[in-house]
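In: Next one to model:
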Amino acid sequence: MATEKGAVDIGVQTRVFARAIAMRQNQTTVVLVSVDSLGLFRDEAPEIQKLLDKSLEIDRLLIHATHCHETADLVGGWGKNSLTYGVNEEYQRFVRVQIAAAVTEAVRALKPVQVTIGAIPVQEQNGDLTPYVNDVRDPVIIDNTLHTIQFTAVDDMGKRTPVATIVNWAFHPESIGDKNKLISSDFVGYLRDAVEKVTSDTVIYVSGALGGQIGPSGVNAYAPDGTRVSSSGFKKAEAVGTSVARFALNAMADPKAVTVEGAKAKLSFRTTVFPAQVFNTLYHLASMAKIYRRSLCCFDTDQPISETNVPAVETEVTYLQLGPASIITNPGELLPELFLGGYDGKHSGTYKIVDTAQQNAPDLSKAPPPPYLVDIMDGERRHRMTFGLTSDFVGYIVPRYNFVLSKDKPYFEDAPGDHYEETNSIGPLADPQIAGTMRQLILDGRPNVAR
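Out: Numbering: from 1, shown residues only. Modelled structure (predicted):
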């Protein structure tokens, strides 16, 4: 580690990774890459595609960012100051090369496998979530189900060899805190290491519906020695990672886990690309100042941006099915209630769902009714999941009924109450335009279904 005089250490605390897994059945090949990064714009995909040999014959490349806050900026908004582009372009090119290398290695290492799919709620026996995860935005709704998708090679003698495991859970990787200057994969690295120590396979971690500050704030985590850790820092990241790793291992060993292979491990997907309007005036300024250097579309560039001339970003979602598992990707930080509902309090653990005394408290009587995304997906309910920050990074996707802006400085300041997320959202139509498209994509394979 290097040390600045009069400052905290700077350098690398733990390595960060791009980890890929390739899945192929018959003529369909899907590759998922998980990158330890705060986020990656959709514009990254064509740059990475240029580095890939066409002979790999990849039908769908899904690039996911774990949303680790303790990594180098790859989108631009975290420079030395608010007017400085934060991306080191040499490092950006390096990351692209590493992603392409991970993809290539994964495809070329394809082999026949069995797929075992597990799920487990991360909580105490009484439903208490406080040692593991919190939500500091009302309503408190948490998708605390951890999913595992384990790939195992079996030889002619019946010997089983672990190949890779996808672990999907919802939690902001920011346990270390905002004063840290060391590069780190936060709790994600500790979780991967703890699982791999037992299973000897490669763990690909994928963040779920972590919008709304689903994460470490207020969590009193179990350290490996049994003590509790509440303060931000590396000890807390380790405590969260190792304690949640135990749930992952239990999910993988669960007798209720479903194992499939061959035709029963059917792999299919469908994808749609669509525009999502950007109403956030702070994002407009960042784009004009070249702080955010992603493509905008669908507006008159010769006219000023206005209520009738709103730029959009082209983004995308994918509905992936693997055996009994179904996965809908989302391109940002989806608030969990858009995925699973929970307005009745059944996904709040022992937390109070709403503090009605605060300003601009959500009115749950105005919350959207079911069915929610999880309700309309295919396969066994416990194996339905969402992969967040996949194929794009558009910020928070907030339910429209609870989208509140500051009256004086919209997008530049939080509205009173729990409304930070709106300042880092493309706008109030993110819900109908993104979550609505996710819903449509799920239903597209079913004729004559009411939408």
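
In: Any regions of the stretch 1-150 of the chain where pLDDT drops low?
Out: Judged by pLDDT under 70, the stretch 1-150 of the chain has its weakly predicted residues at 1-8.

In: quick one: contacts for Lys409?
Out: By C-beta atoms under 8 Å, 6 or more residues apart in numbering, the contact list for Lys409 is empty. In this view, the C-beta of every residue, glycine as well, is placed from N, C-alpha and C.

In: Need phi/psi at it.
Out: Lys409 has phi and psi values of phi -130, psi 70 when expressed as degrees, to the nearest 10.

In: Same check on Val206?
Out: Backbone geometry at Val206, expressed as degrees, to the nearest 10, gives phi -130, psi 120.

In: likewise Thr259?
Out: Per degrees, to the nearest 10, the backbone of Thr259 is at phi -110, psi 130.

In: Leu74 and Asn280, how far apart?
Out: Counting by C-beta to C-beta, to the nearest Å, the separation of Leu74 from Asn280 is 20 Å.

In: try Asp431
Out: Asp431 is 14 Å from Asn280, where distance means C-beta to C-beta.

In: The two: which is more packed in?
Out: Using other C-beta atoms under 10 Å, the more surrounded residue of Asp431 and Asn280 is Asn280, with 24 against 21.

In: how about the more buried one, what does it touch?
Out: Residues in contact with Asn280 (C-beta under 8 Å, 6+ apart) are Gly395, Tyr411, Thr423, Ser425, Ile426, Gly427.

In: Which of those residues ranks first by neighbour count?
Out: The member of those that has the most neighbours, counting by other C-beta under 10 Å, is Ser425 with 27 neighbours.

In: Please tell me the pLDDT value assigned to the nearest residue to that one once chain neighbours are set aside.
Out: What sits nearest to Ser425 in space, not counting adjacent residues and going by C-beta to C-beta, 6 or more residues apart in numbering, is Tyr396, at 4.4 Å. You'll see Tyr396 listed with a pLDDT of 98.

In: Go ahead and list the helix or strand containing Tyr396.
Out: Assigned by DSSP states H and E, Tyr396 falls within strand 396-397.

In: which residues sit in contact with the residue nearest to Ser425?
Out: Per C-beta under 8 Å, 6+ apart, neighbours of Tyr396: Gly211, Gly212, Gly332, Glu333, Leu335, Glu421, Glu422, Asn424, Ser425, Ala430.

In: pretty sure the second one is in a strand, no?
Out: No: judged by DSSP: H, G, I helix; E, B strand; the rest coil, Gly212 forms no part of a strand; its state is coil.

In: part of a helix, is Ile10?
Out: No: under three-state DSSP, Ile10 falls outside any helix and is assigned strand.

In: so how many other residues sit close to it?
Out: By other C-beta under 10 Å, the residues close to Ile10 number 13.

In: so it sits right up against Ser184, yeah?
Out: No: if you go by C-beta atoms under 8 Å, Ile10 and Ser184 don't touch, sitting 11.8 Å apart.

In: Remind me what the helix or strand hosting Ala102 packs against, helices and strands.
Out: Ala102 belongs to helix 89-108 when elements are defined using DSSP H and E. Counting contacts by 3 or more C-beta pairs under 8 Å, 6 or more residues apart in numbering; DSSP states H and E, helix 89-108 is packed against strand 18-25, strand 28-35, helix 44-49.

In: again, 10 Å this time
Out: strand 18-25, strand 28-35, helix 44-49, strand 60-65, strand 202-207 (3 or more C-beta pairs under 10 Å, 6 or more residues apart in numbering; DSSP states H and E).

In: Could you list the paired strands of the strand holding Tyr396 along with their orientation?
Out: Strand 396-397 sits in its sheet next to strand 333-334 (parallel), going by DSSP bridges.

In: Next secondary structure after the strand it pairs with?
Out: Going down the chain from strand 333-334, the next helix or strand is helix 336-340, by DSSP H and E.

In: okay, now Ala18: neighbour count?
Out: Neighbour count of Ala18, defined by other C-beta under 10 Å: 21.
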